[in-house]
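[1] Below is the sequence, then the predicted model.
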Amino acid sequence: MPEKITYPNRLGLKGWVVGGRWGVERYLFILHRLTGLGLVLYFLMHIVVTSSRALGVAWWERAMGAVSGGVFTIGEFLIVVGFAFHAANGIRLVLIELGWLTGKAEEPIYPYKSSLNVQRPFMIVMMILAAVVIVMGGLELFAH
Amino acid sequence: MSMRQTKLWSWHVIAGVVLLVLVGLHMAIMHLNGILNLVGYNPAGEDPIAWENVVFRAQQVTFMIVYILVLAAGLFHGLYGTRTILFELNPSPGVRTLITTVFLILGIGLFIFGSWAAIAARSTALALMQ
Amino acid sequence: MSQTKNQTTDIVFRVRRFDPGQDDEPNYEDFTVPVKPGMVVLDGLWWIKENLDATLSWRSSCRMGVCGSCAMMVNSRPMLSCNTQVLDVADQVLLLAPLPNFDIIRDLVPDLMPMLENHRKQMPWIVRDDGEEQEAPTDQYWQTPHELEKYLQFSYCIKCGACMAACPIVAIDNDYPGPQPLAQGYRYLIDTRDGAFKERKKILSTEAGPWSCHYAGECSSVCPKGVDPARAIQLMKRELVFDYLRLNKKRYQKPACLLPPENRSGRRSEIPEPPAFTVEGAVSNNPPT
């Protein structure tokens, strides 16, 4: 029997962005990952920087001085944006992945409605909530 | 056979909920202070990172415990999440062990360091308030 | 757009072709097909094979959306070619490609074996330990309509592979079984006739479990039968997590349905009695014993 010749056809990471006509939830998943990675990198540095408060006011002022102004304020705003999105989407994911927002299994009748339809209104509410928090944080950081 | 993935994922979610509450509060104190006027947490004026405000929070036992909880939950949630993403890229078993070991050392190390800082900050703050 | 029944439109079928003996990599070939209203993509493929190029290859069988053979990428979306009207999705060019995330055997034919092997690892059958009863049954395996509804939706899977093509995790992760095997694993896990929860729980606590699913939801968007594998996977996570946190009060002691022989009246107590017959003189086929 001749060996089967096949051509590998996995989309890989490219499929996350240019795979085809994908829906909103897929992009929310990608954003959730990106914000998560951003937050984790920030958090690791944040632990080190804020631990300076244990050494007294001089170290604290020095540490805070090193991370304030200009680029750092924009960075802080990005953290607020990242956290607001990650938290709002996270609430939605917890409710879905533990089965509260999936809807019950029901006999499929065309046109098919899926768990995506059940969670969509809640997803919109969560995104509006994230947007509100982002605007509030932006006002605080840039307008005060 | 242990229920390994089930356990790890369950704790990932629990840590996420803990972080939602505690870091949400932290974000409110740090970045929504002007708008929400959280005098209870920032008694010495509007700047949350002014030394007086920092000392005010650091000397409270509840804040010390909260910081340690956030460290534990945040390090676990973040590092386990990063490990999950990296593992989806199909590393070899050797690389998987390496990633797990590095993240364990990083996580436990930073947890010990951060907990020390939270406890030491409390002592520093109490000494100052005397 | 208004079309009379016999008006034809020339649509270019841009097909991703690959001949394993000859080509190093796939490339696109154009075929101009006269499309009448009502023609599906599969009709177009047969027209090409009969009139333009007899070497064009794909899988198809029932041509009515129940066998799952003809799934392919139609304009960058996994669909059944027999179920998709050409003029609904194209007005000039129709892009056809084999399902991604599977190796290509030839032209539009994907290698579905990895999906079917992962499916088998989920033990997609009822497991019971009452072999004697199964060989020489003394009673039916009763199930309430409520218990049936818990898995019925997921039993409609036709194993077409569209969900696997759409999943972003299947696209990169070699270990993740994918929405089709997991949805079928859940279909048997939640079936009250199955007694193997402990074994299934062990398999699902490894890389072969649902934990790499992050609810991108594409599987449910593209499923041609409304199976909603995303729902099955989240409900599966719920069962496993609640079991770990010991929040599942009853369930999983024994598979349901059979009372001990001495208690058998042919019907479990929580299943309601049927309503009275409305036809006079009618006699039941299953009188209570």
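    Alright, I've got the coordinates.

[2] what sits against A:Gly56?
    Contact analysis of A:Gly56 by CB atoms under 8 Å, 6 or more residues apart in numbering or on different chains lists B:Thr124. C-betas here are computed from N, CA, C, even on glycine.

[3] distance of it from C:Leu245?
    Plainly put, A:Gly56 is 44 Å away from C:Leu245 if you go by CB to CB, to the nearest Å.

[4] So for whichever strand or helix holds B:Gly16, mean pLDDT?
    Counting by DSSP states H and E, the element that carries B:Gly16 is helix B:4-31. Summarised as a single mean, pLDDT over helix B:4-31 is 92.

[5] Would you mark the buried spots in the helix or strand just after it?
    Using DSSP H and E, the helix or strand that follows helix B:4-31 towards the C-terminus is helix B:33-36. When burial is assessed from 16 or more other CB atoms under 10 Å in any protein chain shown, helix B:33-36 yields the following buried residues: B:33-34.

[6] And for stretch C:23-37?
    Residues C:26, C:31, C:33, C:35, C:37 are the ones in stretch C:23-37 that count as buried (16+ other CB under 10 Å).

[7] From these, which land in strands?
    When DSSP state E is applied, the buried residues of stretch C:23-37 are split such that C:31, C:33, C:35 fall in strands.

[8] Need phi/psi at the most centrally placed residue in chain C.
    Computing the C-alpha centroid of chain C and ranking residues by CA atoms, centre = their mean puts C:Cys157 first, at 2.3 Å. Main-chain torsions, C:Cys157, degrees, to the nearest 10: phi -60, psi 130.

[9] Quick check: it touching C:Pro224?
    No. Taking CB atoms under 8 Å as the definition, C:Cys157 is not a contact partner of C:Pro224, at 10.2 Å.

[10] any shared contact partners between these two?
    Between them, C:Cys157 and C:Pro224 share no contacting residue under CB under 8 Å, 6+ apart.

[11] anything in the longest helix along chain B near chain C?
    Across chain B, the longest stretch assigned as helix under DSSP state H is helix B:93-129. No. With CB under 8 Å from any CB of the partner chain as the measure, helix B:93-129 is seen stopping short of chain C, the closest distance being 10.6 Å.

[12] name the element residue 76 belongs to?
    Using chain A. Assignment of secondary structure by DSSP H and E places A:Glu76 within helix A:71-97.

[13] So is that helix next to chain C?
    Yes. Where contact is defined by CB under 8 Å from any CB, part of helix A:71-97 touches chain C, namely A:93, A:96-97.

[14] The residue of the stretch 1-150 of chain C found nearest chain B: how many residues sit nearby?
    Here the residue of the stretch 1-150 of chain C nearest chain B is C:Asn101; by CB to the nearest CB that distance is 13.5 Å. Residue crowding around C:Asn101 was assessed by other CB atoms under 10 Å in any protein chain shown; the count is 26.

[15] Could you report the pLDDT at it?
    Reported pLDDT for C:Asn101: 93.

[16] So what does the closest residue in space to it that isn't next to it in sequence have for phi and psi?
    Nearest residue to C:Asn101 in three dimensions, chain neighbours excluded: C:Val170, at 4.9 Å (CB to CB, 6 or more residues apart in numbering or on different chains). Phi and psi for C:Val170, reported as degrees, to the nearest 10, are phi -60, psi -30.

[17] what's near enough to touch C:Val170?
    Neighbour list for C:Val170: C:101, C:164, C:176, C:178-179 [criterion: CB under 8 Å, 6+ apart].

[18] okay, which residue is most central for chain A?
    Nearest to the centroid of the C-alpha atoms of chain A, with distances taken as CA atoms, centre = their mean, sits A:His32, at 2.8 Å.

[19] surely that residue meets A:Gly90?
    Yes. Under the criterion of CB under 8 Å, A:His32 is in contact with A:Gly90, at a separation of 7.4 Å.

[20] what are the ranges of the helices in chain A?
    For chain A, applying DSSP H gives helices covering A:15-18, A:24-50, A:57-66, A:71-97, A:115-138.

[21] and the first one with chain B, contact?
    No. With CB under 8 Å from any CB as the threshold, helix A:15-18 lies outside contact range of chain B, at a closest distance of 10.8 Å.

[22] List the buried residues of that helix.
    Of the residues in helix A:15-18, those scored as buried under the neighbour-count criterion (16+ other CB under 10 Å) are A:15-16.

[23] what's it in contact with?
    A:26, A:30, C:100-101, C:168, C:171-172.

[24] State the mean pLDDT of that helix.
    Rounded to a whole number, the mean pLDDT of helix A:15-18 is 70.

[25] How about the contacts made by the closest residue to the residue nearest to the centre of chain C other than its chain neighbours?
    Closest residue to C:Cys157 in three dimensions, ignoring its sequence neighbours and counting by CB to CB, 6+ apart: C:Val227, at 4.9 Å. By CB under 8 Å, 6+ apart, the contact list for C:Val227 reads A:108, C:153-154, C:156-157, C:163, C:183, C:220.

[26] So for C:Val227, what pLDDT did the model give?
    Turning to C:Val227, the model gives it a pLDDT of 95.

[27] Ok, C:Arg264 next?
    55.

[28] ok so, going back, tally of neighbours for the nearest residue to the residue nearest to the centre of chain A once chain neighbours are set aside?
    Computed as CB to CB, 6+ apart, the closest residue to A:His32 that is not its neighbour in sequence is A:Asn89, at 5.0 Å. Burial of A:Asn89 is recorded as 22 neighbouring residues (other CB under 10 Å).

[29] Let me know the distance separating A:Asn89 from B:Glu46.
    When CB to CB is the yardstick, A:Asn89 and B:Glu46 sit 30 Å from each other.

[30] Confidence-wise, which helix or strand of the chain is lowest on average?
    Since no chain was named, I'll use chain A. For chain A, using mean pLDDT, DSSP states H and E, the weakest element among its helices and strands is helix A:15-18, scoring a mean of 70.

[31] Switch to chain C, please.
    One helix or strand of chain C scores below all others by mean pLDDT, DSSP H and E: helix C:131-135, with a mean of 74.
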